[in-house]
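sequence first, then the predicted structure:
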Amino acid sequence: MPPSPGTARLDKSRRPAPPGLSRVERKKRDKLERIKRAARALFARKGFEATTTREIATAADVGIGTVFLHAVSKQDLLVTIFREEAGRAVDRALENRAEGPLIDGLLRIFDALIAQHEGNIGLARVFVKELPFVDDARHGRAAFMADLFGRMAAMIERAQERGELRHGIPSLRLAKNLFALYFGILLEWLGTAAITPQERDRALRSALELHLSGLLLQGENHNASSHR
């Protein structure tokens, strides 16, 4: 499903300002950026539920009606902020990278997302608490996740083509499984377990390696030879 009109309007803010933008358009863009900055700061400090749309408008120095011109709800704002931040992280992780072992590629993505979260722990906790329950059909979270899973699935398929990973493994299903492992470690780090970043990173690599160990081509060859 396409993102809601509010989310679609917000997503346009990621694009570079076209040349010759009129004064009115520049003012609109400036107000939108102020709204997002205010929402980001308030969500991180007060939490999602405790933050009101009126507070966002006041912090952004705009009328509450202006907020609703750009986003139909707080959820629209939250999803847009997540899509912008996580999208930039993933793009950086995959930009101009030579293809290597699958585990390294996966960790580049997950490490980039974690690094983004480390910059604002309060906002990261809001993301993991609220986003899983956002209405995908209305707010566009599903579109972002589908793109991420698709990029991970393509990495998995290239690993199969290189002979690193067994053929016949559903790449999209595996991508979702691997993301679930990352999300579980992320929750542990952001939650009450209070694991250190070093423990988090070791746990993430270990979890991914364990899940992939039975799918590697050399594992298949080993099992085949053991039954001869």
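Looks like it came in fine.

counting residues, name the longest helix you see in the protein.
Assignment by DSSP state H gives helix 23-46 as the longest helix of the chain.

buried sites along it?
28, 31-32, 34-36, 38-44 (16 or more other C-beta atoms under 10 Å). C-beta coordinates here come from the backbone N, C-alpha and C atoms, glycine included.

relative to helix 23-46, how tilted is the helix or strand just after that helix?
Downstream of helix 23-46, the next assigned helix or strand under DSSP states H and E is helix 53-60. Taking axes from the mean of the first three to the mean of the last three C-alpha atoms, to 10 degrees, one finds that helix 53-60 is oriented at 120 degrees with respect to helix 23-46.

in helix 53-60, what counts as buried?
Buried residues in helix 53-60, counted by 16+ other C-beta under 10 Å: 53, 56, 57, 59, 60.

chain center to that helix: distance?
Centre-to-centre, helix 53-60 and its host chain are 25 Å apart (C-alpha atoms, centre = their mean, to the nearest Å).

try stretch 146-165
Distance, centroid of stretch 146-165 to centroid of chain: 18 Å (C-alpha atoms, centre = their mean).

quick one: the residue nearest the centre of the chain from residue 77, how far?
Centroid-nearest residue in the chain, with C-alpha atoms, centre = their mean: residue 86, separated by 4.0 Å. Residue 86 sits 15 Å away from residue 77, taking C-beta to C-beta, to the nearest Å as the criterion.

before we move on, what about residue 28?
According to C-beta to C-beta, residue 28 stands 16 Å off from residue 77.

and the residue nearest to the centre of the chain, that one's in a helix?
Yes: checked against DSSP: H, G, I helix; E, B strand; the rest coil, residue 86 lies within a helix.

start the count at 35, not 1, going forward
Noted, 35 is the first residue going forward, which turns the last one into residue 120.

ok, the nearest residue to it once chain neighbours are set aside - how many residues close by?
Distances taken as C-beta to C-beta, 6 or more residues apart in numbering place residue 147 nearest to residue 120, at 6.1 Å, with adjacent residues excluded. Residues lying near residue 147 (other C-beta atoms under 10 Å) number 21.
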